[in-house]
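# mind looking at a prediction? Sequence and model below.
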Amino acid sequence: NAGVTQTPKFRVLKTGQSMTLLCAQDMNHEYMYWYRQDPGMGLRLIHYSVGEGTTAKGEVPDGYNVSRLKKQNFLLGLESAAPSQTSVYFCASSYMGSSSNQPQHFGDGTRLSIL
Amino acid sequence: DAKTTQPNSMESNEEEPVHLPCNHSTISGTDYIHWYRQLPSQGPEYVIHGLTSNVNNRMASLAIAEDRKSSTLILHRATLRDAAVYYCILHDNNNDMRFGAGTRLTVKP
């Protein structure tokens, strides 16, 4: 099993451009998450999804949109990229049920630079 | 959200045990204690979690204080591959795990 796969691994954008980050998981997990990690800091939750067709805001949702059209995929969109969104983005997934009792499985990240 | 406090950094010698402390004095009764680690240029990796009782798995042991206000992650025999940032996180059912800055563990050969 591949686990959690993020595409692309690296990207450089110009301010104002748009792009979509793709997260795919093959573990049949219900829950999926998008985090960002800035240098020297821990991860912060952007948006999450508790099932196909549902999404919710996390700690830092502004400037991002998400979609969960298929259970295995969770997309993170930047409509108009800003330099403040330069970061490493991580996707994670976990089983349904009491989410606090389930470990999250993370991808290897997408390093995004916005000039 | 409940917060955790960890030392910024710790050092260990290879093949010796490592005890990574975490304080969480404001923990609520339903918060699980999770530990993750992050190696350079990789995503976080789940290590262990528990609620009240001590837990053991193939990677580590988790010792939870009786009042649950602190916990300790124990690596029984550190290897160079255990050098990473270790995060102690309180996880309730709001789907939001709050990562702090973690403890950077250095393992010396």
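Received the coordinates, thanks.
# give the contact list for the residue most central in space within chain A.
The residue lying closest to the centre of chain A (CA atoms, centre = their mean) is residue A:34, at 2.6 Å. Under the criterion of CB atoms under 8 Å, 6 or more residues apart in numbering or on different chains, the neighbours of residue A:34 are A:21, A:23, A:45-48, A:58, A:64, A:66, A:74, A:76, A:89-91. The C-beta positions use only the backbone N, C-alpha and C, and glycine is treated the same way.
# mind doing that once more with 7 Å?
A:46, A:47, A:66, A:74, A:76, A:89, A:91 (CB atoms under 7 Å, 6 or more residues apart in numbering or on different chains).
# please apply the same query to residue B:102.
Contacts of residue B:102 (CB under 7 Å, 6+ apart): A:42, B:6, B:85, B:86, B:87.
# farthest-separated two in those?
Within the contacts of residue B:102, A:42 and B:86 form the most distant pair, 11.1 Å apart (CB to CB).
# higher neighbour count, those two?
residue B:86 (24 against 19; other CB atoms under 10 Å in any protein chain shown).
# quick one: the more buried one and residue B:71 touch, right?
No - between residue B:86 and residue B:71 there is no contact under CB atoms under 7 Å: 11.8 Å.
# pLDDT weak spots in chain A?
For chain A, the stretches with pLDDT under 70 are A:1, A:97-99.
# would JSON lines of the contacts of residue A:34 with neighbour count and secondary structure be doable?
Formatted as JSON lines, the contacts of residue A:34 follow (neighbours: other CB atoms under 10 Å in any protein chain shown; DSSP: H, G, I helix; E, B strand; the rest coil):
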{"residue": "A:46", "neighbour count": "24", "secondary structure": "strand"}
{"residue": "A:47", "neighbour count": "22", "secondary structure": "strand"}
{"residue": "A:66", "neighbour count": "23", "secondary structure": "strand"}
{"residue": "A:74", "neighbour count": "30", "secondary structure": "strand"}
{"residue": "A:76", "neighbour count": "23", "secondary structure": "strand"}
{"residue": "A:89", "neighbour count": "23", "secondary structure": "strand"}
{"residue": "A:91", "neighbour count": "30", "secondary structure": "strand"}
